[in-house]
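>>> Model the following, please.
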Amino acid sequence: MYYSHSGNEVDALHLLVDHLRTVSELTAQFAKCSKLEPEASSTGLLHDIGKYGDLFQDRLRGISSHVDHWSLGAWLALVENHAVASALSIQGHHIGLQNLNKDSLRAIDPSRLRVKHPLQLTLSEPDPEILKDRLKSDGCILKTIDKSILGNDLTSTISRMLDVRMLYSCLVDADFIDTEAHFQATSGVKRHRSPGPPLNPSDTLGILEKHVTSLQDNKSNQIPEKVLTTRKELYAGCINAAENKPGLYTLTAPTGSGKTLAMLAFALKHAAIQGLRRIVCVIPFLSIIEQTASIYREIFQKHFGNEYVLEHHSLAGAWKERTTDDGEVYGSFGERAQLLSENWDAPVIITTSVQMLESLFSNRPSACRKLHRLMHSVILFDEVQTLPANLIVPTLASLSHLAHDYNSTVVFATATQPGFRHLHEPVKAQCFHGWRPKDIIADPIKLFTPLQRTHVEWHDMDKRLTWDSLATILKAHSQALCIVNVKRHAQELWNAMGEPNTLHLSTNMCPAHRKDVLQEVREALEKKDRVHLISTQCIEAGVDVDFPVIWRSYAPLDSIIQAAGRCNREGCMEELGIVHVFMPEDERYPAGYYDEAAQVTKKLVRDIGKESLNLNDPEFITSYYVTLYNLSRPELSMKTQVLIDAVNAGSFSDVARMYRLIPHDSINVVVPYEKRMKEYDHLKETATHGLTREWIKNARDLTVGLYRPQLDDPIWGHMIPVMSYGKDEKEKSDWFIYLSSEHYHAQLGLIPPKKDHIWMI
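Residues are numbered from 1 along each chain as shown. Got it, this is the predicted structure:
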């Protein structure tokens, strides 16, 4: 008798042949109706064949250690079926995906590993033929594959690496699920989790349509008729476009046009017609995620239950892990939503850009586990102008391959549609299909024109405003919002206002503090009270405020357009709202792409004149992006080039390390916000127990992000690290408690005793 796992809570061992058969069946099930299907079953059957080795069985009995049980299955996948993707998936199902190249594949030859193992491990059995015989004796026959996914060509591109990750996803999810079932067994019988509910697109669409109709017919909402008409036109356009085939799409719609519900209607009807099985909403900011998730739950939860809409990001909930005696990690039964989030086993997923995109380039089993759920799905990206330019070509290549080769639909939605079509050729170098999306709304300017709610005043760039002068202007308005480019400017202007009731918003403030400020702003606006808000660009995307006047320092054009979306937002003013674009006395921009984009905006103002800057024309906005891409050449950026070099070398680990939307040199600091001191004190007290996801979830609202300071920075004297997996040193920890309450300003947030605060995120 050969076993795959040690005893569970009822002291039953996990029979190896049962594990291999179940994982083989599940892997094939996850790969069904895709090009992965022929290779999937054998991948599952071979993934743990090394556990037939006597040395691994000794390990289960506690008389051996440091055993490699995966390389032998990977080698058999190569020699028996020439299945490179299968070999890499099996090799990496514990240690992560390694390298797609000849040298790396040769290195898993058992004869080489017996002499020198790169991880200083010992093979569970030196002779693969013995493992095959034991598998056969257990009644399992290894079938020959007619055609493998990658064939004999080992050229590495983004699309080919994604193919490997998709098969890897099918395998590791199947392995996790069956391992989990063994350790959750009762009375000696494996306890497999019940699957999440299926998408019911037709009924869901019917419920959504009733909700939208009730909003449109509600006479008490005081929404202007032209806004309601535009929303109906957008909704109808999305419904009509849903009849098209799966692929790449763009949705360009102005702020306030009902884009969130309209693109969901597109996704539901499209899924119903095309037989797609899941909708994934990808949103850049947690504040918008929470808002969207709340809307969707309000509409659908009473009809389909709590599992229909799943919110998933790094702070969405606690996940409990257990480690088996043989070193394998599996998820334990906790809250149902936590369980389903690990592999996105739900019909409607709402997640972050970081969670979605970094998983597409990961090499780790826990991150890649959910990727197979993206097959036969609709993936909606909102606010796509926020995607990082220096990663945009690899991102587009990966999404294009996902859409064209895995029967999925990808939608890029925003009011300021970037000119990504301009990058078709660079994308094509990594993905055969390039980037040629279809427009859901063929003529979006018809939506923008009726919803023109603002007039933009472009002030002379040579006539710079001092902070004192600008403060005088702002105070002359009863209600005004001023947006600047950097935190230092926001602080200096707030000081120049000289009024303690002037409000401030930046990421120096923790989320709880920002929520309180925005609530105060909304109440003042609704009551027509006097209110002035000084903010960085953190207010520009997805924040629902409605000022009659906005002053915006020169910035990238899309930032100015997003700022205008906070002015006369509902179109209820008798006259157009006014957006003043001005040049401050201290011209300053965040370095890199933001600075380059701001310079393009200034160039457009000079070259074509203020009168020709039509911010309500999507074609003009696209021309701005084309000009920007011609100048900045994102496909030639250092970050893109280094990443592509890693792709060409076939290094999954290097690609995963380099593809980061959020830099890893950042830390999270829990701050003493006066209105939430009870929660702060509890977090400080429980931090001594070690870092858990539950603790992180509770800490989220009181957290400020910083770039990791130098080791000699005096700020370390005001912080203590939160212990994480035994790492309690300041240079290793990612979470800290800020101790000095006097450094957290009641209006400005965290202001440490340091002259220059530009190191704050």
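>>> which residues of the stretch 401-550 of the chain fall in strands?
According to DSSP state E, counting those that start in this stretch, the stretch 401-550 of the chain carries its strands in the segments 409-414, 438-439, 454-458, 479-483, 503-505, 531-535, 549-553.
>>> my bad, the stretch 1-150 of the chain
Using DSSP E, counting those that start in this stretch, strands in the stretch 1-150 of the chain cover 3-5, 14-15, 67-68, 122-123.
>>> As JSON lines, the ones you listed with distance to Thr703 would be great.
From N, CA and C alone the C-beta is placed, and that goes for glycine too. Converted to JSON lines, the strands of the stretch 1-150 of the chain look like this (distance: least, C-beta to C-beta, whole Å):
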{"stretch": "strand 3-5", "distance to Thr703": "38"}
{"stretch": "strand 14-15", "distance to Thr703": "40"}
{"stretch": "strand 67-68", "distance to Thr703": "40"}
{"stretch": "strand 122-123", "distance to Thr703": "44"}
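>>> Could you point out which of these sits nearest Ile379?
strand 3-5 (34.7 Å; C-beta to C-beta).
>>> What is that closest one packed up against?
Other helices and strands packing on strand 3-5, by 3 or more C-beta pairs under 8 Å, 6 or more residues apart in numbering; DSSP states H and E, are strand 14-15, helix 16-30, helix 54-60, helix 158-183.
>>> May I have the third one exported as CSV, CA atoms only?
Output for helix 54-60, consisting of C-alpha atoms alone and laid out as CSV, is shown next (Å, rounded to 0.1, in the frame of the first residue of the first chain):
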residue,chain,number,x,y,z
ASP,A,54,10.3,4.0,-0.8
LEU,A,55,12.1,7.0,0.5
PHE,A,56,8.9,9.1,0.4
GLN,A,57,6.9,6.4,2.2
ASP,A,58,9.7,6.5,4.8
ARG,A,59,9.1,10.2,5.1
LEU,A,60,5.5,9.7,5.9
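>>> can you give me the mean pLDDT across that helix?
Mean pLDDT, computed over helix 54-60, is 94.
>>> in stretch 545-563, what's buried?
545-563 (16 or more other C-beta atoms under 10 Å).
>>> now that stretch: how far from the chain's centre is it?
Taking C-alpha atoms, centre = their mean, to the nearest Å, the mean C-alpha location of stretch 545-563 is offset from the chain mean by 26 Å.
>>> tell me the pLDDT at the residue in the chain sticking out farthest from the centre?
Going by C-alpha atoms, centre = their mean, the residue of the chain most distant from its centre is Ser137, 45.9 Å out. The score at Ser137 is 95. That number is its pLDDT.
>>> from now on call the first residue 22
All set: I'll call the first residue 22, so the last point we hit is now Ser158.
>>> Contacts only, for it.
Not one residue lies near Ser158 by C-beta atoms under 8 Å, 6 or more residues apart in numbering.
>>> Could you tell me how far it is located from Val38?
9 Å (C-beta to C-beta, to the nearest Å).
>>> before we move on, back to that, I'd like the strands of the stretch 422-571 of the chain as a markdown table, with distance to Gly711 appended.
Shown next, in a markdown table, are these (distance: least, C-beta to C-beta, whole Å):
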| stretch | distance to Gly711 |
| --- | --- |
| strand 430-435 | 39 |
| strand 459-460 | 50 |
| strand 475-479 | 50 |
| strand 500-504 | 40 |
| strand 524-526 | 33 |
| strand 552-556 | 36 |
| strand 570-574 | 44 |
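>>> Quick one: neighbours of Pro219, just the number.
When neighbours are defined as other C-beta atoms under 10 Å, Pro219 has 11 of them.
>>> ok, so what distance separates the nearest residue to it once chain neighbours are set aside from Pro222?
The spatial neighbour of Pro219 that comes closest, neighbours along the chain excluded (C-beta to C-beta, 6 or more residues apart in numbering), is Pro368 at 6.3 Å. Between Pro368 and Pro222 the distance is 9 Å, computed by C-beta to C-beta.
>>> and what of Arg474?
Arg474 is 34 Å from Pro222, where distance means C-beta to C-beta.
>>> Many thanks, I have nothing further to ask.
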